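*Asks:* just a sequence and a predicted model for now, questions to come.
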Amino acid sequence: MTKSAGTLAERLYEEHVRHEMAALKGAKLKKFLERELDELLDHAGRITLNRVAGIDQVMGVIERVVVDMELDAGIPELAAEMATEVMNSPVQAETTLGEIISREQATGFLEEALELRQQRERVISEIMAHPVYQELVSNVVYHGLVNYLYEDNLIARSVPGVGSMMKFGKKVANRAVPGLDETFERRIKAWLADSLPGLIARSEAFLHRALSDDELRDSVMAAWVAVEDKTIAELREGLGDVELQEFVVLGYEFWLQFRKTGYFEGCARAVVEHLFAKYGDRPVTDLLNDVGVTREVIRTEIEAYGIPVMDVLREEGYLEALVRRRLSSFYRSAAAKKLLAGEE
């Protein structure tokens, strides 16, 4: 190749670089991006989802990015710090609960929850059957019965001195017959043990009647009225920074384990399979439009974020270096030099 051909190649290369750099700023860049957006969405209106992706491909991305990706130990620390900053920010003391969730929204959530009667009845039954609750009922009944016998019964309240005489008689009887208290206690508790199933059953029936939709609605809304004007800072009193950070760390550790369970994989696959069953044979734009990603949304974000980033990359010299890396291999290739030399 002649020297003139090599010089011409260098000159064309430099002119091409300048041309590309001029096209990557200002009105030219904006026009270019808008034109390409129109072209891309035009193709997206003809190409189906199944042509650009598949169920296994999407599940592979979830597996690699969500399940298997090793997360740095600094993530929970950073998350805890961010949560602390959020909870300690001035906005917490300036914002009431009612400004975040309106009374109408709270009512809507409540009405939906009241529809879950079967779940509510099941929760009540499970609470009633729990050993801790049964022990609580037994203790309450036992102490109430003992207090009534010695202090609060009708006779002790109506006749002055009877309550004191009964307590005195109890002490005398205990001295005369050691262990009488223990015997009395065992007999009452034995009676309670026999009566407890019936007490629990009546308690459960009472709760089912008492916790009607109207009663729950009135109780919950009364509680809501009491807290809706409180600030978020007032509602979180007692939750210190350390406790908050510990909750964040616990949530992070739970996520690390949960993401590797078969349950998570099954849920993710169910969502992906449904997505492809619904949109697989339809244009990609159908999916984009249904999730609110319209041309105007994309255009707005390009102008608000994309173009400013391009400006920074251009100022830093990255764009020019990219263009040069892209073009130099062609202008310095044997094929280009041969063409510029006029060789066949």
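*Replies:* On my side now, so go ahead. As the structure is a computational prediction, the values presented were derived from the model and not from experiment. Numbers count the residues shown, from 1 in each chain.
*Asks:* max-length helix in this structure?
*Replies:* Assignment by DSSP state H gives helix 180-210 as the longest helix of the chain.
*Asks:* pull out the buried positions in that one.
*Replies:* For helix 180-210, a neighbour-count test (16 or more other CB atoms under 10 Å) marks 188, 192, 196, 199, 200, 203, 204 as buried. For the C-beta atoms, the positions are set from N, CA and C on the backbone; glycine is no exception.
*Asks:* so what touches stretch 202-217?
*Replies:* Contact with stretch 202-217 is made by 110, 111, 114, 120, 121, 124, 125, 128, 137, as judged by CB atoms under 8 Å, 6 or more residues apart in numbering.
*Asks:* again, only using 6 Å
*Replies:* Contacts of stretch 202-217 with the rest of the structure, by CB atoms under 6 Å, 6 or more residues apart in numbering, involve 114, 124, 128.
*Asks:* where does the chain have its least confident helix or strand?
*Replies:* helix 162-176 (a mean of 45; mean pLDDT, DSSP states H and E).
*Asks:* in the stretch 1-150 of the chain, where is pLDDT below threshold?
*Replies:* Low-confidence segments of the stretch 1-150 of the chain, defined by pLDDT under 70: 1-6, 144-150.
*Asks:* contacts for stretch 35-46, please.
*Replies:* Counting by CB under 6 Å, 6+ apart, 283, 284, 285, 295 sit against stretch 35-46.
*Asks:* the most centrally placed residue in the chain: which element?
*Replies:* Of all residues in the chain, the one closest to the mean position by CA atoms, centre = their mean is residue 251, 10.4 Å from it. Taking DSSP states H and E as the definition, residue 251 sits inside helix 241-258.
*Asks:* alpha carbons of that helix, as CSV, please.
*Replies:* In CSV, the C-alpha atoms belonging to helix 241-258 read as follows (Å, rounded to 0.1, in the frame of the first residue of the first chain):
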residue,chain,number,x,y,z
ASP,A,241,-31.1,1.8,66.4
VAL,A,242,-29.5,-1.4,67.6
GLU,A,243,-32.7,-3.3,67.6
LEU,A,244,-33.6,-2.0,64.1
GLN,A,245,-30.2,-3.1,62.7
GLU,A,246,-30.6,-6.5,64.2
PHE,A,247,-34.0,-6.9,62.5
VAL,A,248,-32.4,-5.9,59.2
VAL,A,249,-29.6,-8.5,59.6
LEU,A,250,-32.1,-11.2,60.6
GLY,A,251,-34.2,-10.4,57.5
TYR,A,252,-31.1,-10.5,55.3
GLU,A,253,-30.1,-13.9,56.7
PHE,A,254,-33.6,-15.2,56.2
TRP,A,255,-33.4,-14.1,52.5
LEU,A,256,-30.1,-15.8,52.0
GLN,A,257,-31.7,-19.1,53.1
PHE,A,258,-35.1,-18.6,51.6
